[in-house]
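[1] Give me the fold of what follows.
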Amino acid sequence: MPIKIQVESNHFQEKCHCNLCGNIFFPLEVVARAYRESGEYVSDVCPECLATGTEGISNRMRQRADYLRSLAVELEQLARSDIESPSLSQFNIANQLEKAMR
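    The predicted structure follows:
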């Protein structure tokens, strides 16, 4: 299933996430976007990926996929264990206390 990367006008000032490699970047006047063959949007593409060319992009996507697979395994293992977590109320109180201390 091939992907097509094309350059489009950028009409926003927000940071972007390149799902191909995991980088966060701030686009300029234009942004590269990846689409499936069907035309479905996949991801914004960072300049670092573009700089590596098509073979480099493929390598970066494989590295990202390897990382995500290992992260998924770790999350599955953690999800099966006991989880200790503050409540949302405790979290909000801690935030308020932190603000008051500044």
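[2] Distance from the chain centre to the lowest-mean-pLDDT helix or strand in the chain, please.
    Among the helices and strands of the chain, strand 3-9 carries the lowest confidence by mean pLDDT, DSSP states H and E, at a mean of 81. What separates the centre of strand 3-9 from the centre of its chain is 18 Å, taken as C-alpha atoms, centre = their mean, to the nearest Å.
[3] Name the strands paired with it and say parallel or antiparallel.
    The strands that strand 3-9 pairs with in its sheet are strand 30-36 (antiparallel) (by DSSP bridges).
[4] Give me the buried stretch members for the partner strand, please.
    V31, A32, R33, A34 (16 or more other C-beta atoms under 10 Å). For every residue, glycine as well, the C-beta is placed using N, CA and C.
[5] so for it, what's the average pLDDT?
    Taken as a whole, strand 30-36 has a mean pLDDT of 93.
[6] Keeping just the C-alphas, turn it into PDB.
    Presented in PDB, the C-alpha positions along strand 30-36 are these (Å, rounded to 0.1, in the frame of the first residue of the first chain):
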ATOM      1  CA  VAL A  30       4.000  25.000   3.600                       C
ATOM      2  CA  VAL A  31       3.800  21.500   5.100                       C
ATOM      3  CA  ALA A  32       4.400  18.100   3.600                       C
ATOM      4  CA  ARG A  33       1.600  15.600   4.200                       C
ATOM      5  CA  ALA A  34       1.500  11.900   3.600                       C
ATOM      6  CA  TYR A  35      -1.700  10.200   2.100                       C
ATOM      7  CA  ARG A  36      -2.600   6.600   1.500                       C
END
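[7] Kind regards, and thank you for your time.
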